[in-house]
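A.B. asks: Sequence and predicted structure, then a few things I'm wondering about:
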Number of protein chains: 2
Amino acid sequence: MATATLPVLRERVDHGLPARFARSAAVTGAGALTRTADVAGWLDERRRAHRFAVRRVPFAGLEGWSFAPGTGNLAHRSGRFFTVEGLAVTTGTGPYPSWQQPVIHQPEVGILGILAKEFDGVLHFLMQAKMEPGNPNLLQLSPTVQATRSNYTKAHGGSGVRHLDHFLRPGRGGDRVLADSLQSEHGAWFFRKSNRNMIVETTGDVPAHEDFRWLTLGQLGELLRLDNVVNMDTRTVLAGVPGPAGSGALHSDTELLSWFTAERARHEVDARLIPLGRVAGWRRDDREIAHERGRFFTVVAVSVEAGSREVTGWTQPLIAPVGRGVAAFLTRTVDGVPHLLAHARVEGGFLDTVELAPTVQCVPENHHPDLVREGQPFLDAVLRADPARVRYSAVHSEEGGRFLDAEIRYMVVEADAPLDPPPGYRWCTPAQLTALARHGHYLNVQARSLLALVTSGAVRL
Amino acid sequence: MATATLPVLRERVDHGLPARFARSAAVTGAGALTRTADVAGWLDERRRAHRFAVRRVPFAGLEGWSFAPGTGNLAHRSGRFFTVEGLAVTTGTGPYPSWQQPVIHQPEVGILGILAKEFDGVLHFLMQAKMEPGNPNLLQLSPTVQATRSNYTKAHGGSGVRHLDHFLRPGRGGDRVLADSLQSEHGAWFFRKSNRNMIVETTGDVPAHEDFRWLTLGQLGELLRLDNVVNMDTRTVLAGVPGPAGSGALHSDTELLSWFTAERARHEVDARLIPLGRVAGWRRDDREIAHERGRFFTVVAVSVEAGSREVTGWTQPLIAPVGRGVAAFLTRTVDGVPHLLAHARVEGGFLDTVELAPTVQCVPENHHPDLVREGQPFLDAVLRADPARVRYSAVHSEEGGRFLDAEIRYMVVEADAPLDPPPGYRWCTPAQLTALARHGHYLNVQARSLLALVTSGAVRL
């Protein structure tokens, strides 16, 4: 009897994987287990089943949180979760060459993980109906697992995180990692925060639970056309879906990397934490920390009651942006190949100077019109676009565990913007952006939210 | 008469490029213009032609440099070049969970650029005979351009940097970028320093100059087998040479990225600048700053006289390591495919927790043997290797503009180390490492030095 030798080597790249995701993206209307039309009802049902209540409280109403003597930093007595500190940024360029602001400091890497599994030969993704206190509608579709290190080391003192083991030990059993990278969070609100964005495929049995449903990528694309249904963490993970190679582009991959390298090199950003109590231009009262001219955002406190989360109630600070943002990619098809206009954008909280952002990213009402035009040359192309050329427009909210009612209108707009755009801007194909999203710190979170529209089929370019 | 439409799109990837580099790597003995055997004589001749003299001086002998009141940081009065400050690191793990040390702070991106050009259908690379005060033999083969931002913005007050324009405006004329990425410098001696590593191909005429010679990649591989001929900046740029894809590996690319992401996520490194005057465990006298037990390195001052550099004389601080380092990859061939054992290593000056380092990287004499074994499980496999299994061994020095006599023995050693190595270690193919080197902050500078041996053919696995 011959003994078979196990093959030791494997292919570096699974060239069949993009087609499997594409097949899932093509399945809309109904997956193997759930109709898209039933998702809203299920979310409403979960919203009713859990008795969620979030209310603003004064800082004095925070339990376990206080402003530290000396620094004035807002911190939890356990030393865990996160702190609100000050940030001093000097860029030397742009409409704001230097500024100070409050910022969230959370030097730990969380996990945003979506579990995938084939049903009837089609990849489905296990989505969770999850409450986050900052979501305008409280409950949205979240990844299978959305856990800070505090969560999964039990700093909450609550129950374990369901399905976490698929992501903490992703090689075990029949599980296989399809995507896994460290990606930045909002550089305007977080100091150098990144999370692990993972997609793990399992062939094992997954216990059913009323807060979880399996959906195809195409169904997620349908839901992404609605306001405030698919949460930010889901969107950023979906940006990591491997796309088809797409061989043609205005710039070769090496040219694109070289341009990006030059953008990183030409910006010198000095960003450092300072005591919150010494941040210039901001004032604190008993209910909020606010910019002295009412701009940008406020830091507030909330009290949360919930039945479905890891613990049943807690208080915490949140960042509440002033005004609704806009994040938009201009798109233009060149020789039959769609391109998106990326912007190498400085944000004070980035680990490394710039990341690729949407063509337009700002809160229009925050700025004097002159500054808008100085810093955002394509804002008018978006805000005044012919409706026939708006390929996508929906409002989504940002991470509801840290941001209160942080809504952004995400748009994809056709435009005849020049193929040779101003410095700091470059046309890329979605395939090029998808390839960059396999690595960390190339695409900011807003760009990834928009890229998820492409990978999921929510917008077809 | 028909008007031709220029093709606008290009291929994302030039699949012919690896073969062009391979062809150049195959040319040894003599290039189109220079025999390898004549390089040593040319370097000696250049060494004689320039009247180089470097001597240690007390800190009081530094011109324009002084220890700032208050912080004790060592800085130049212009505010440029670099500063020597303090660094406090907490990792919470390993043999040294926290420490303080002096560190070089130079928050600007330099350019390390090699100009390439075809002669007789073979790529040649324009190498410079360049003096750096910290090189043991003063003059080595450097990239075409090796320039800090201070260099090319004329902070030296000296002459312009030759050939710089090919790298500052790499798209101009017939020039084409072949590789361009931001790569880290030594995380033990620099705080978050990175340089732009570029290879640019030109089709234009390049004026000859006695300090410059065109060599093939194979010739550089021959010279890399000699001690202290090819400088560190050349080696790191050569690590960016695009390699052939090589489809098989022990771990798929996605598995490798996932492992690396997990390594980044599991380390929490707090590294922050502190005043040099407050660094614990180090003492300063009038000639050096040294560790109180004589370990690691000293900070010293030198006076330089030279005729061929941008200016004719200057003084500066340098870091002088204590003892000669070892940096070695273990190699093992699996199913006919060679692999290298990479280590996800924490260095206090890294931008982001860990980078991939050689299997062994340390200064053996710096550590108590127990600590060596705790932190470097494969040190004995390298130091006590059967000479027949040592595939490469040569001494190279690190960046001579910042480090004095900083020699490391670089080795590649065959070993039967386990295919399932301890946590923090992973077998990778050279092709996988080459692919990662297209992006920044995956490979540390020692790993890139060793990878250059593979791309240049200095070692054939």
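C.D. replies: All right, it came through fine. Residues are numbered from 1 along each chain as shown, chains lettered A, B, ... in the order given.

A.B. asks: Up against chain B, what does the stretch 251-400 of chain A have?
C.D. replies: Residues of the stretch 251-400 of chain A lying close to chain B by CB under 8 Å from any CB of the partner chain are A:251-255, A:257-258, A:261-262, A:264-265, A:268, A:270, A:334-335, A:337, A:351-352. (Each C-beta comes from the backbone N, C-alpha and C, glycine too.)

A.B. asks: Looking at those, which are in helices?
C.D. replies: A:253-255, A:257-258, A:261-262, A:264-265 (DSSP state H).

A.B. asks: Which members of these are the farthest-apart pair?
C.D. replies: With distances taken as CB to CB, the most widely separated pair in those is A:253 and A:265, at 18.4 Å.

A.B. asks: Identify the residue nearest the closest residue to chain B within the stretch 351-461 of chain A in space, chain neighbours excluded?
C.D. replies: As assessed by CB to the nearest CB, chain B sits closest to residue A:439 within the stretch 351-461 of chain A, at 5.4 Å. Nearest-residue entry for residue A:439: residue B:439, 5.4 Å, with adjacent residues in sequence omitted and distances by CB to CB, 6 or more residues apart in numbering or on different chains.

A.B. asks: what's the answer for residue A:244, then?
C.D. replies: residue A:18 (4.7 Å).

A.B. asks: Could you give the average pLDDT over the helix or strand hosting the one you found?
C.D. replies: In the assignment (DSSP states H and E), residue A:18 maps to helix A:17-26. Mean pLDDT, helix A:17-26: 97.

A.B. asks: Can you give the distance of that helix from its chain's centre?
C.D. replies: The chain centre lies 22 Å from the centre of helix A:17-26; the measure is CA atoms, centre = their mean, to the nearest Å.

A.B. asks: What mean pLDDT does the helix or strand that that helix is followed by get?
C.D. replies: Downstream of helix A:17-26, the next assigned helix or strand under DSSP H and E is helix A:39-49. For helix A:39-49, mean pLDDT is 94.

A.B. asks: Mind listing what's buried along helix A:39-49?
C.D. replies: Neighbour-count burial for helix A:39-49, counted by 16 or more other CB atoms under 10 Å in any protein chain shown, picks out A:39, A:42-43, A:46-47.

A.B. asks: Repeat that for stretch A:114-123.
C.D. replies: Buried, per 16+ other CB under 10 Å, within stretch A:114-123: A:114-117, A:122-123.

A.B. asks: just checking, what packs against the helix holding residue A:18?
C.D. replies: strand A:122-131, helix A:217-224 (3 or more CB pairs under 8 Å, 6 or more residues apart in numbering or on different chains; DSSP states H and E).

A.B. asks: Can you say which of those is nearest to chain B?
C.D. replies: strand A:122-131 (15.2 Å).

A.B. asks: quick one: contacts of whichever helix or strand comes after the closest one?
C.D. replies: On the C-terminal side of strand A:122-131, the closest following helix or strand by DSSP H and E is strand A:139-142. Residues external to strand A:139-142 that are found in contact with it (CB atoms under 8 Å, 6 or more residues apart in numbering or on different chains): A:39, A:43, A:46-47, A:50, A:52, A:127-132, A:220, A:223, A:228-231, A:233-234, A:397, A:400.

A.B. asks: swap the cut-off to 7 Å and go again
C.D. replies: A:43, A:46-47, A:127-131, A:223, A:228-231, A:233-234 (CB atoms under 7 Å, 6 or more residues apart in numbering or on different chains).

A.B. asks: any idea of the mean pLDDT in the next helix or strand after it?
C.D. replies: Downstream of strand A:139-142, the first helix or strand assigned by DSSP H and E is strand A:145-147. Strand A:145-147 carries an average pLDDT of 94.

A.B. asks: neighbouring contacts of strand A:145-147?
C.D. replies: For strand A:145-147, the external contacting residues (CB under 7 Å, 6+ apart) are A:110-113, A:130, A:161, A:163-164, A:167, A:233.

A.B. asks: Parallel or antiparallel, list what pairs with that strand.
C.D. replies: Applying DSSP bridges to the sheet, strand A:145-147 is found paired with strand A:110-119 (antiparallel).

A.B. asks: relative to helix B:253-266, how tilted is the strand it pairs with?
C.D. replies: 150 degrees (axes from the mean of the first three to the mean of the last three CA atoms, to 10 degrees).
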